[in-house]
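*Asks:* Dropping the sequence and predicted coords here.
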Amino acid sequence: METQPLRRTAIAAEVRAELARQNKTQTSLAKATGISVDTLRRRLTGRSSFNAEELGSACRFLGISLDEIVGRAQAPIDEAVAS
């Protein structure tokens, strides 16, 4: 099973969830990552991947580590691959 699309969508879901938990806006995240709101929306829906710099900036903005966001995203991937 190809895991790249799963990883992309799982990371996007975790970033969206963290934004919601912290009650922060997509606009503020776009500004913090240096990308347009439209590009961010593509990232957050999993239509395109965050690059390493964008994801690192997002994590700094959200006050969480890159390891934490990737770790959270890995659980659904492991479940899907095991199925």
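*Replies:* Looks like it came in fine. Since the structure is predicted, the reported quantities are computational estimates derived from the model, not experimental observations.

*Asks:* how distant is the least confident helix or strand in the chain by mean pLDDT from the center of its chain?
*Replies:* When the helices and strands of the chain are scored by mean pLDDT, DSSP states H and E, helix 66-82 comes last with a mean of 82. The chain centre lies 12 Å from the centre of helix 66-82; the measure is CA atoms, centre = their mean, to the nearest Å.

*Asks:* can you list contacts of that helix?
*Replies:* 1, 3, 6-7, 10-11, 13-15, 18, 55-56, 58-59, 62 (CB atoms under 8 Å, 6 or more residues apart in numbering). Every C-beta, even on glycine, is put in place using the N, C-alpha and C of the backbone.

*Asks:* Now do the contacts for Phe61.
*Replies:* By CB under 8 Å, 6+ apart, the residues touching Phe61 are 24, 28-29, 32-33.

*Asks:* Could you tell me which of those residues count as buried?
*Replies:* 29, 32-33 (16 or more other CB atoms under 10 Å).
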